[in-house]
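Q: No letters, just coordinates:
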């Protein structure tokens, strides 16, 4: 039973605590108390650890066709779970469970590389536009607007379709380009908003060089929304890559293990073994959800309006 | 109002212009050039050279662009490699199927999304609200095509309740008037055809509506919460207006403004989602044209579809902007 005095004391303590801390530390503390954020963080952490250690965790060789599975593999039946093979066989008599584990690696690579690539180019464009202003800003923003005017999946399709044969590289490039205009607009927007803010005006009045203002004052303050967007983009990148694979723009190599590819290839065996579609899809959904939860709660936590 | 409309129309022109340059450049950035890509496996140096001459690819680039632009404007988008038909004819045949599917999906998303978002905001922080938010987050995380696959597997293959693919049963001999399967039945009085077409629409429309639904719920919820904090709501409540009047005349009316813009932005998502959904349900619309075109690298067809999609997207957003200005006079002057 807490007395009124205790509660009052706690409120004052909380206030004092938040007054002396940076926004980042404050945001981190708020996230640690938010169950949604913790759920997202746990999923993302588990996914990253899983994809790093997948080769050692996989009980079988994911690329080998096992005779004991091949023995029972028919056009109308794919072996289910059995001793040594947790989820049974895939369509080629390989260990489905091991392939699922190893596939996490490729999905992480696609998501991370595409996001880094798209984020870097987008930030370069947005940063230039925001820092230089004037005609550079107008030109760059018009161009990104046009990229935004093509529906994202169609843009990704039209880029991926330029290669005569699908590959993981084309998928990554296509997914990355789609996120470029989003990052560009975001960074430019938050840099423009700061241009007339007090701390930038103060620095300008003190005679600080423009380059220093941009790199030391404006960029660091713009990073919050960019980090949020990057987290959310990781989720959409993985889904978009899976969609491209589904449309036949992915890597045709049957040995490659990646969730989107596994899902798209399971199409032909859906009546025979639905699990071949279900598990890779669930993996994609859980990981995408993890990144989304983390990103959304990060957005909330970094919003100064929510600071008390 | 007229001046606003004209200004917005003029603003769309440079966008469409640069878009045409990009699509022009797109085809020319194919490895080996468009002629090699068109000929595919049959390409020999001689055949490439002669096709490049026929296509005018030996001319200077700016002339090529103006020829391209002239052909686009006169409605000549070339012939499909797969069917050898003019691409625009193909698109015209497939268009009603996609429009029908997208409209029904959007209707589901709007009719379900706005009430859900409103209720979610009214019960803020309670179980219903949290459940709805989790649902919308999950809705965005589920790939559209996987939702389609699951719906098809469960309701068509396992339970046999709904048809797994196509727009109408093959044994229904419907008269074609407009190309819209549901509309044709009504026009000709073949009600069984309309019913059958609607029956076929259920699964693909639900799959396609998932993402717009999630987005609309979230925007409605956020927008209603914003309006609820406004001074005029407090005033309305304070002066003793009935709760229902405040809810409909004050809250909902103002909250729906941002929602209407979002609905316009959904057309892009719908077009993308339609490609995936149509492939799952063998729908035979633009999405099917596109995925078939990707498999066979039918570049004239892809070029026309991309230009069309972008054009529609620009146009819809233009219409949304204009309708927004009609609803909210403050927009016109800004």
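A: Received, thanks. On a predicted model such as this, the values are computed, not experimentally measured, just so you know.
Q: Chain B contacts on the stretch 151-300 of chain A?
A: Those residues of the stretch 151-300 of chain A that sit near chain B, judged by C-beta under 8 Å from any C-beta of the partner chain, are A:151-154, A:157-158, A:161-164, A:235, A:239, A:242-243, A:246-249, A:263, A:267, A:270-271, A:274, A:277, A:281, A:284-285, A:288-289, A:292-293, A:296. Any C-beta I mention is one placed from the backbone N, CA and C, and that applies to glycine too.
Q: Mind checking which of these are in helices?
A: A:152-154, A:157-158, A:235, A:239, A:242-243, A:246, A:263, A:277, A:281, A:284-285, A:288-289, A:292-293, A:296 (DSSP state H).
Q: Helices of chain A, residue ranges please.
A: A:4-19, A:23-33, A:35-57, A:67-70, A:96-132, A:134-149, A:152-160, A:168-195, A:198-205, A:210-212, A:219-246, A:259-265, A:275-302.
Q: For these, give me TSV that also has mean pLDDT.
A: Listed next are those as TSV, based on pLDDT from 0 to 100:
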stretch	mean pLDDT
helix A:4-19	58
helix A:23-33	78
helix A:35-57	88
helix A:67-70	75
helix A:96-132	89
helix A:134-149	83
helix A:152-160	84
helix A:168-195	87
helix A:198-205	85
helix A:210-212	84
helix A:219-246	86
helix A:259-265	84
helix A:275-302	87
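Q: host element of the closest residue to chain A within the stretch 201-334 of chain B?
A: Distances between the stretch 201-334 of chain B and chain A by C-beta to the nearest C-beta are smallest at residue B:272, namely 3.1 Å. Element membership of residue B:272 [criterion: DSSP states H and E] is helix B:253-280.
Q: list the helices and strands the strand or helix carrying residue B:301 packs on?
A: Assigned by DSSP H and E, residue B:301 belongs to helix B:299-327. Helix B:299-327 sits against helix A:134-149, helix A:152-160, helix B:2-28, helix B:33-39, helix B:87-122, helix B:253-280, helix B:286-295, helix B:330-333, with contacts defined as 3 or more C-beta pairs under 8 Å, 6 or more residues apart in numbering or on different chains; DSSP states H and E.
Q: what about the longest one, average pLDDT?
A: Confidence over helix B:87-122, taken as the mean pLDDT, stands at 90.
Q: what sits against the residue nearest the centre of chain A?
A: Closest to where the C-alpha atoms of chain A average out (C-alpha atoms, centre = their mean) is residue A:234, at 1.0 Å. Going by C-beta atoms under 8 Å, 6 or more residues apart in numbering or on different chains, residue A:234 touches A:111-112, A:115, A:291, A:295.
Q: Kindly reformat these as a markdown table containing neighbour count.
A: Putting the contacts of residue A:234 into a markdown table (neighbours: other C-beta atoms under 10 Å in any protein chain shown) gives the following:
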| residue | neighbour count |
| --- | --- |
| A:111 | 26 |
| A:112 | 17 |
| A:115 | 26 |
| A:291 | 25 |
| A:295 | 22 |
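Q: circling back: ok, the closest residue to the residue of the stretch 201-334 of chain B closest to chain A other than its chain neighbours - how many residues close by?
A: With sequence-adjacent residues excluded and distances taken as C-beta to C-beta, 6 or more residues apart in numbering or on different chains, residue B:272 is closest to residue A:153, at 3.1 Å. Number of residues near residue A:153 (other C-beta atoms under 10 Å in any protein chain shown) recorded here: 25.
Q: how close does residue B:287 sit to residue A:281?
A: 20 Å (C-beta to C-beta, to the nearest Å).
Q: Relative to residue A:254, how far out is the closest residue to chain B within the stretch 51-200 of chain A?
A: For the stretch 51-200 of chain A, the residue closest to chain B is residue A:153, as judged by C-beta to the nearest C-beta, at 3.1 Å. Plainly put, residue A:153 is 25 Å away from residue A:254 if you go by C-beta to C-beta.
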